[in-house]
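Asks: below is the sequence, then the predicted model.
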Amino acid sequence: MATVGRSLAENVAEDILAMITIDKKFAIGDKLPNENELSANLHVSRTTLREAIRILVAHNVLEIQRGKGTYIKNNQELNEEFGLKELSTFKVDVKDLYEMRLIFEPQAAFYATKRATDKEIERILYYGRLEEELILKKEDRTEVEQAFHKSIAKATHNEFMNRLIPILYQAIDKGVPLSNTNEEMVQNTLSDHRMIMEFLLRRDAEGAKTAMKLHIIHAMRGFGIMEE
């Protein structure tokens with residue numbers, strides 16, 4: 001399902017950007033695969049891919065080097081988590097960060113459910129399922145949980161939300177190691193994420209919003225920082 005009002009090339013450009021910033025398939029300075037390979041991977045024509053690349057070149061994400069190929073540009077915003085590095089260094093405690101998550105993320109889940117392309121839904125589900133595997137194996141899931149929530153934020157197609165998310169990552173960075181020692185919190189994460197994914201897949205925006213709210217409330221209660 002394409003996002004209303006967006007061209008196919010714009011959606012493909014978003015997919016490539018997500019491959020860089022979320023999936024980490026490409027790093028700064030990397031060369032993109034050749035046109036035939038990348039268009040096949042993205043299931044689009046080479047004409048559409050070329051237009052998507054032009055969009056990303058115009059937005060300072062890619063650069064075309066004649067005779068060499070297309071490369072990920074050394075873009076300051078990509079390097080600094082969307083330009084909010086200095087804000088993300090503030091010493092804020094877990095309670096403040098989780099309150100911010102409670103304010104923003106349920107509504108992000110709502111808009112993501114309404115606006116996400118099918119490819120974006122697939123990405124969210126991929127990271128949600130991968131996180132579940134890591135939980136069951138008792139392995140570190142911090143980066144994957146970040147990717148899960150970042151994928152939801154990106155699917156809102158709201159630039160402010162994408163710029164805010166790196167700050168909220170501090171809550172995930174602090175919360176995951178602590179929650180690993182609390183079996184109830186781990187089980188809540190499993191069931192909550194399953195609910196979020198189910199509502200996203202069904203395109204039930206209100207359900208996704210409620211599930212995300214419950215997920216954050218469960219975490220806050222687990223940490224003893226929820227004001228009743």
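Replies: Thanks, I have it.
Asks: looking at this protein, which helix or strand is least sure?
Replies: helix 85-88 (a mean of 38; mean pLDDT, DSSP states H and E).
Asks: outline the domain layout of the chain.
Replies: For the chain, the structural domains run 8-79, 85-223, going by automatic domain parsing.
Asks: would you confirm that Val61 contacts Asn74?
Replies: No. Val61 is beyond contact range of Asn74, at 10.6 Å (criterion: C-beta atoms under 8 Å). C-beta here means a position set from N, CA and C on the backbone, and glycine is covered the same way.
Asks: quick one: buried residues of stretch 38-47?
Replies: For stretch 38-47, burial by neighbour count (16 or more other C-beta atoms under 10 Å) applies to 38-39, 42, 44.
Asks: closest one to Phe148 out of the residues you listed, please.
Replies: Checking the buried residues of stretch 38-47 against Phe148 with C-beta to C-beta, the nearest one is Leu42 at 21.7 Å.
Asks: thought Val12 was touching the closest one, still the case?
Replies: Yes. Judged on C-beta under 8 Å, Leu42 makes contact with Val12 at a distance of 5.8 Å.
Asks: common neighbours of the two, please.
Replies: Leu49 (C-beta atoms under 8 Å, 6 or more residues apart in numbering).
Asks: show the backbone phi and psi for the spatially most distant residue from the centre of the chain.
Replies: Distance to the chain centre peaks in the chain at Gly67, reaching 33.6 Å (criterion: C-alpha atoms, centre = their mean). Note on Gly67: its backbone torsions stand at phi 80, psi 0 [degrees, to the nearest 10].
Asks: now swap in Asn158 and tell me
Replies: phi -120, psi 110.
Asks: got the buried residues of stretch 38-47 as a markdown table, with pLDDT and distance to Phe148 columns?
Replies: Shown next, in a markdown table, are the buried residues of stretch 38-47 (pLDDT from 0 to 100; distance: C-beta to C-beta, whole Å):
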| residue | pLDDT | distance to Phe148 |
| --- | --- | --- |
| Leu38 | 94 | 25 |
| Ser39 | 94 | 28 |
| Leu42 | 93 | 22 |
| Val44 | 94 | 25 |
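Asks: just the strands from the protein, written as ranges.
Replies: Using DSSP state E, the strands of the chain run over residues 62-65, 69-72.
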